[in-house]
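A.B. asks: Predicted structure and sequence below. I'll ask about it afterward.
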Amino acid sequence: MATSSPLTVLYPGSFDPFHNGHLDVVTQAAELFGNVVVAVMHNPDKPGGLIALADRVDLARRCTEHVSGVRVEAFPGLAVQAASVAGADFIVKGLRTPADFDVEQQMAHTNHSVTGVRTVYLPCRSDQAFISSRFIREIAQYGGRIDHMVPAPVVATLAGIFGKPSGGSEGSS
């Protein structure tokens with residue numbers, strides 16, 4: 001089998017916060033394509049979310065530093081614009097449920113019609129299909145256990161934000 005040069009893919013998202021499902025998609029994409037740009041997206045016209053943009057970038061870097069071929073950057077605007085700036089060959093999106101597919105398929109068709117950039121879907125591991133940033137924020141806010149859903153740097157960050165433990169046996173949900 002002939003070897004080919006690695007491709008670069010863009011994995012866009014708000015990553016508020018970055019979780020194990022995101023890490024799974026990054027790892028799969030790095031194995032398949034070689035180079036992954038994790039694009040922490042922000043829209044200057046919208047509020048910043050729970051975690052400040054610079055902190056989300058830092059967390060994503062810390063959570064992916066062990067995965068070869070990954071870089072993390074913040075981007076404003078559209079994912080297709082970020083793909084162009086990053087020199088990405090494809091956009092990668094993770095899928096958890098059929099509902100994710102419906103939303104992502106429409107976005108993929110729109111992105112392709114506008115720029116010609118194609119989207120590749122990677123299914124998440126079945127044991128992580130339930131993980132959602134929204135639920136993680138809510139569980140952490142009330143002191144519930146999240147350490148099985150997020151990397152350690154995220155546990156510490158959310159505990160600092162909410163002033164409550166978010167891991168171990170304390171606050172089990």
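C.D. replies: Right, received. Where do you want to start?
A.B. asks: Excluding chain neighbours, what is closest to the residue nearest the centre of the chain?
C.D. replies: For the chain, His22 is the residue whose C-alpha lies nearest the centre (CA atoms, centre = their mean; 4.2 Å). Nearest residue to His22, sequence neighbours excluded (CB to CB, 6 or more residues apart in numbering): Phe15, at 6.1 Å. Placement of C-beta: from N, CA and C, glycine included.
A.B. asks: quick one: contacts for the one you found?
C.D. replies: 22, 38, 40, 56, 59-60, 133 (CB atoms under 8 Å, 6 or more residues apart in numbering).
A.B. asks: do the same with Leu158
C.D. replies: 17, 136-137, 140, 146, 150, 166.
A.B. asks: just the buried members of these?
C.D. replies: In the contacts of Leu158, burial by neighbour count holds for 17, 136-137, 140, 146, 150, 166, counting by 16 or more other CB atoms under 10 Å.
A.B. asks: quick one: which of the residues you listed sit in helices?
C.D. replies: 136-137, 140 (DSSP state H).
A.B. asks: can you list those residues in TSV and add pLDDT?
C.D. replies: Output for these, formatted as TSV (pLDDT from 0 to 100):
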residue	pLDDT
Ile136	96
Arg137	94
Ala140	94
